[in-house]
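> Okay, sequence plus prediction incoming.
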Amino acid sequence: METIFSGRVFDVVRKHAVSKTGKQMELELVFHPGGVAILPILPDGRIVLIRQHRFPVEENLIELPAGRAEPGEQPIVTARRELIEETGYRADKLEPILKFYTTPGFVREEIHLFKATGLTAGPTAFDDTEEIETLLLDLPQAMEKVLSGEIHDAKTIIGILWYSAQQPIG
């Protein structure tokens, strides 16, 4: 494996591999340290979301609070830090829900999704580059934004659909 780019957020490597049929392949892969997304739920059931500008897609996206793990950092530590940083909320309980790969065809990035409850409001701690607006939506409002395409961030869609699936039917 050869590193062809090493950056602050990810590395790109060239790897030689052999398929199950014996075909030689040369792959370029993105290695990312992974991160977390947090589904913060207020006592009244509303979801704490954020809106922020994402330069790669040049859009203001509605998202769950989320962030990249520091080297060697446990996901629950990242989740606690990012929740406070981006929303100001502190959680009495952070529960791991699931983990998923964002783009497994060429990116090694795993996202750990946490449910945050027992929330207490406090000051945010934005990074220098972050301009974030907090949104509080009930589940029907959030689902409408997913189904209409207004929310099109994958981790947020996954979190909202997971929350919706936990609700009693009827």
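Cool, the structure landed.
> roughly how far apart are L61 and T156?
Distance of L61 to T156, given as CB to CB, to the nearest Å: 8 Å. (Glycine included, C-beta is placed from N, CA and C.)
> Tell me which stretches of this protein form strands.
Under the criterion DSSP state E, strands of the chain are mapped to 2-6, 11-18, 24-31, 35-40, 47-54, 59-63, 66-68, 90-101, 107-108, 110-120, 132-137.
> residues in contact with the nearest residue to A116 once chain neighbours are set aside?
Nearest non-adjacent residue to A116, counting by CB to CB, 6 or more residues apart in numbering: A91, 3.8 Å away. Residues near A91 by CB atoms under 8 Å, 6 or more residues apart in numbering: I38, P40, R80, L83, A116, T117, G118, L119.
> Mind listing the residues bridging to the last one?
The bridge-partner assignment for L119, based on DSSP bridges, gives A91.
> Looks like it contacts R46 (just checking).
No: applying CB atoms under 8 Å as the test, L119 and R46 come out as separate, 10.0 Å apart.
> Give the burial count for L61, as a bare number.
For L61, the neighbour count with other CB atoms under 10 Å is 16.
> Check whether it really touches Q52, as I assumed.
Yes: in this structure, L61 is within contact of Q52 by CB under 8 Å, at 6.6 Å.
> Closest one to F106 out of the contacts of A91, please.
I38 (26.0 Å; CB to CB).
> was I right about that closest one contacting P75?
No: I38 lies out of contact with P75 (CB under 8 Å); the separation is 10.4 Å.
> Neighbour count for the two, which is higher?
Neighbours were counted for I38 and for P75 using other CB under 10 Å; I38 has more, 28 against 19.
> what about L119 and R46, which has more around it?
Remark: of L119 and R46, L119 carries more neighbours, 20 against 17, as counted by other CB under 10 Å.
> Can you tell me the closest non-neighbouring residue to L113?
Leaving aside its chain neighbours, L113 sits nearest to I97 (4.6 Å; criterion: CB to CB, 6+ apart).
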